[in-house]
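# From the sequence below, what's the structure:
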Amino acid sequence: MSIGSRIKELRLNMKLTQEELARRLGVTKGAVANYEKEVSVPKTEIMYRLFSALNCDANYLYQDYMSEIYKNSVYSVEEKKLLNDFRKLDNASKNVVCAVIDAELARVKNQSEQSIKGKAVAWNGTSKDVFYSPDKQEIIEEIIMKNKDK
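Here you go, the predicted model:
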């Protein structure tokens, strides 16, 4: 349920018209309609009046929005370790990691689009064999060689 639909739900439960709610908030009927349709968002001062007029709190109105933010900001233990390890690298090493990630993303995209049709070649990475298209393999090897002595 969206913020706008929650505003509308509370307004209807209180048997208020958009015009009546608008009067309580000190805005126009059109502004209330826009809040409910999520065309616009109430300014902070209006939002506080809205909480009071609808007898609710921010947690109720924003619960779905905050759940989505929370879901997108939770990292697994493995992701946290990778991020911490990445932060310990010098810039040259970070560039290598980013190049490998870019190559992998391109490979996965290519694989899903074309099922790789036998055009990939093997490149022995540090811990396991990874398959890259020849152009990506050359780029990665070049970056590794450039950064080897840094």
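# max-length helix in this protein?
helix 91-114 (DSSP state H).
# Let me see the ranges of the helices in the protein.
Ranges of helices in the chain, per DSSP H, are 3-13, 18-25, 29-37, 44-53, 58-73, 77-88, 91-114, 134-147.
# Make CSV out of these and add mean pLDDT and mean neighbour count.
Quick note: C-beta positions are derived from backbone N, CA and C, even for glycine. As requested, the helices of the chain are exported to CSV (pLDDT from 0 to 100; neighbours: other Cβ atoms under 10 Å):
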stretch, mean pLDDT, mean neighbour count
helix 3-13, 92, 17
helix 18-25, 96, 17
helix 29-37, 95, 18
helix 44-53, 92, 15
helix 58-73, 67, 12
helix 77-88, 86, 10
helix 91-114, 81, 13
helix 134-147, 66, 14
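# circling back: helices or strands up against the longest helix of the chain?
Other helices and strands packing on helix 91-114, by 3 or more Cβ pairs under 8 Å, 6 or more residues apart in numbering; DSSP states H and E, are strand 129-132, helix 134-147.
# the domain parsing of this structure - what is it?
Under the assignment named as automatic domain parsing, the residue ranges that make up the domains of the chain are 3-73, 77-147.
# Please look at Arg6 and Asn59 and confirm they touch.
No - in this structure, Arg6 sits apart from Asn59 without contact. The criterion is Cβ atoms under 8 Å, and the distance is 10.9 Å.
# Tell me, how many residues neighbour Glu38?
Residues contacting Glu38 under the criterion other Cβ atoms under 10 Å number 12.
# And it, how close does it get to Met1?
From Glu38 across to Met1, the span is 12 Å (Cβ to Cβ, to the nearest Å).
# any shared contact partners between those two?
When contacts are counted by Cβ atoms under 8 Å, 6 or more residues apart in numbering, Glu38 and Met1 have no shared neighbour.
# ok, the closest residue to Arg49 other than its chain neighbours - contacts?
Nearest-residue entry for Arg49: Leu25, 4.9 Å, with adjacent residues in sequence omitted and distances by Cβ to Cβ, 6 or more residues apart in numbering. Contacts for Leu25 (Cβ under 8 Å, 6+ apart) come out as Ala31, Val32, Pro42, Ile46, Arg49, Leu50, Ala53.
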